[in-house]
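J.: Sharing a model that was predicted from the sequence below.
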Amino acid sequence: MSRRALPALVLLIALSATLTLAAPALAAPPPEPVCTNCAPAYERAADDAGVDVTVARSAAVVTLAESGNATWRVGLVLEGPDAEELAGNDSLHRRLAAETTGEQFVGAGPGRGFNRSSGGGPTFPDAEHVRYYRFSDPEFARATVGGAAVVTKFRPDLQGANYAGLGVDRVTVHSFLDVMHTLPGVDTVDGLGGSSFTLTERHGGLATFEPSTGVLGHASTLPSVVGLAAVLLPVVVENAAVVVLPALLVHALVTGGLFALLSGSFPAADDRWRRGIVALLAATATLLTLQPLLAPLLGAPFLGGAEPLLLGPAAAFATVAVGIARPSLVGDSSPKRLAVRALAAGAAVGVVAGTVAPGTTGWTFAAWAFEPTPPGATAWDGLGFALTVAGPTLALLPAGAALAAGRARAALGVALAGAALGWVASPALYFRQMGLLVPGLLLGFPAVSAVLLLGSPLLLAGWVLGEDRSSTPPGA
């Protein structure tokens, strides 16, 4: 195999893997509610049977076992011309409930509520026409090492399910285990021999229940960490293939063409260029730092609620500016070492910003497992955000030095490595599965544009540093 054929083969394998993972999403079913067997499904079954009723109110209690299996207890308040007849016809209700739930059907209750001693259920004491039924759901949660259970039903998946609300007005999840953490923005309640949380609107995410007995007792978080990792790490791999690989392909095409034009064409650097590049880097760092104050003037936040985390990338750009203006302050003007030190500075500031600025962005499983209701941002978010923004751009610093020496391939390799580091570190990859090849390709263009826009001063800085080192006599 020739050397030219090898990159083509690697590219073909990468695209094949991306298409393979994207294929299920391209054939995704329509969005469904969390409870696919609740109010909408019961109304459809009634309509198919010629029964004219609608669901006025609804609620469900999910009882979770240690094995991860769950039993749904659904209560419906019926209205319509046939509501009174259906409320008194047990056999008809049982048939509709069985058609609604299919093989998961467990039973249908004739009364106004369930006996608390049998596990509890929703009650409507003031309603006139009420019907209840039960069904099993073995996929509601996953059992993990150590006896914990990770609730996955509220997490959007690759097939695009669970985007159409709850399916009922209120869902309560109850387990005889202890809640280690709930969905974002949801409180837990202890009682009835266990823990529970209640939703009245859809909240995406994962929840974990953990046994309170064992060697370490309730202090142990290992089962939750293991369970979250088992659920989320495959998400990272799939997102990397579906989103990052196509974006890297776009990055390779755009920057590769640009680097081929720029390679070896840089003019000799002088102090005027150096001062201009330092000013560009300082201005970029200032804009990133002041963005929360400038956002209202621009009419909308530049990056939504993630403004405090921009302090990490700002610190990285400031470090490079100092390294060019005063190399002795950073210890070395080598483009590679300066990029690494700038990234370290950005990561450190990002961790601090994520810690002290709650309510800015999402969660990562590493920190989320330790808090029942975590803040909106964590140290891990700050680190991930710094790597996401600063990683791809700082890679252009040594890339610029390579271009100054006429090594376009080396420059492209460094740029792609930095982009891969940054985009895979994105906190969003841990929780959201894009599931489409096309968005991955389309996301590549704004991602590359942002890299080149923010990174152009770094590319020029690398060129200046490369020129400085090549003009310095050996041993000087």
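T.: The structure has been received and is ready for your questions. Numbers count the residues shown, from 1 in each chain.
J.: For residue 417, see how far away residue 260 is.
T.: 18 Å (CB to CB, to the nearest Å). All C-beta atoms are positioned from the backbone trio N, CA, C, and that covers glycine.
J.: same check, this time on residue 36
T.: Applying CB to CB, the value for residue 36 to residue 417 is 43 Å.
J.: And residue 356, by the same measure?
T.: From residue 356 to residue 417 the distance is 31 Å (CB to CB).
J.: in the stretch 1-150 of the chain, which spans are helices?
T.: Along the stretch 1-150 of the chain, the segments classed as helices by DSSP state H, counting those that start in this stretch run 5-26, 39-48, 83-88, 90-101.
J.: need the helices for the stretch 351-476 of the chain, in chain order.
T.: 365-368, 379-394, 396-404, 408-424, 437-471.
J.: Where among the ones you listed is average confidence lowest?
T.: If you rank those by mean pLDDT, helix 365-368 sits at the bottom with a mean of 42.
J.: Tell me, how many residues neighbour residue 335?
T.: For residue 335, the count of nearby residues is 29 (other CB atoms under 10 Å).
J.: And residue 260 and residue 417? Which one has more around it.
T.: More crowded of residue 260 and residue 417, by other CB under 10 Å: residue 417, with 16 against 13.
J.: how much space between the closest residue to the more buried one other than its chain neighbours and residue 34?
T.: Of all residues not flanking residue 417 in the chain, residue 395 sits nearest, at 6.3 Å (CB to CB, 6 or more residues apart in numbering). For residue 395, the distance to residue 34 equals 41 Å [CB to CB].
J.: and these two? which has more neighbours close in?
T.: Counted by other CB under 10 Å, residue 395 and residue 34 do not tie: residue 395 has more neighbours, with 29 against 24.
J.: Hmm, the more buried one is touching residue 411, no?
T.: No. Residue 395 lies out of contact with residue 411 (CB atoms under 8 Å); the separation is 9.4 Å.
J.: how near is residue 40 to residue 252?
T.: Residue 40 sits 46 Å away from residue 252, going by CB to CB.
J.: and if you look at residue 52?
T.: Taking CB to CB, one finds residue 52 at 60 Å from residue 252.
J.: Settle it for me: which of the two has more neighbours?
T.: residue 252 (19 against 12).
J.: Tell me the spacing between that one and residue 451.
T.: From residue 252 to residue 451 the distance is 12 Å (CB to CB).
J.: again, but for residue 383
T.: 19 Å.
J.: So for the strand or helix carrying residue 350, could I get the coordinates as PDB, restricted to C-alpha?
T.: Element membership for residue 350, per DSSP states H and E: helix 335-356. Written as PDB, here are the backbone C-alpha positions of helix 335-356 (Å, rounded to 0.1, in the frame of the first residue of the first chain):
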ATOM      1  CA  PRO A 335       5.300  27.700  20.200                       C
ATOM      2  CA  LYS A 336       4.500  24.100  21.500                       C
ATOM      3  CA  ARG A 337       5.500  24.800  25.100                       C
ATOM      4  CA  LEU A 338       3.800  28.200  25.100                       C
ATOM      5  CA  ALA A 339       0.600  26.600  23.800                       C
ATOM      6  CA  VAL A 340       0.700  23.900  26.500                       C
ATOM      7  CA  ARG A 341       1.200  26.500  29.200                       C
ATOM      8  CA  ALA A 342      -1.500  28.700  27.900                       C
ATOM      9  CA  LEU A 343      -3.900  25.700  27.800                       C
ATOM     10  CA  ALA A 344      -2.900  24.800  31.400                       C
ATOM     11  CA  ALA A 345      -3.600  28.400  32.500                       C
ATOM     12  CA  GLY A 346      -7.000  28.400  30.700                       C
ATOM     13  CA  ALA A 347      -8.000  25.000  32.200                       C
ATOM     14  CA  ALA A 348      -7.000  26.200  35.700                       C
ATOM     15  CA  VAL A 349      -9.100  29.400  35.400                       C
ATOM     16  CA  GLY A 350     -11.900  27.500  33.800                       C
ATOM     17  CA  VAL A 351     -12.000  25.100  36.800                       C
ATOM     18  CA  VAL A 352     -12.300  28.100  39.200                       C
ATOM     19  CA  ALA A 353     -14.900  29.800  37.100                       C
ATOM     20  CA  GLY A 354     -17.000  26.700  36.900                       C
ATOM     21  CA  THR A 355     -16.800  26.200  40.600                       C
ATOM     22  CA  VAL A 356     -17.800  29.700  41.700                       C
END
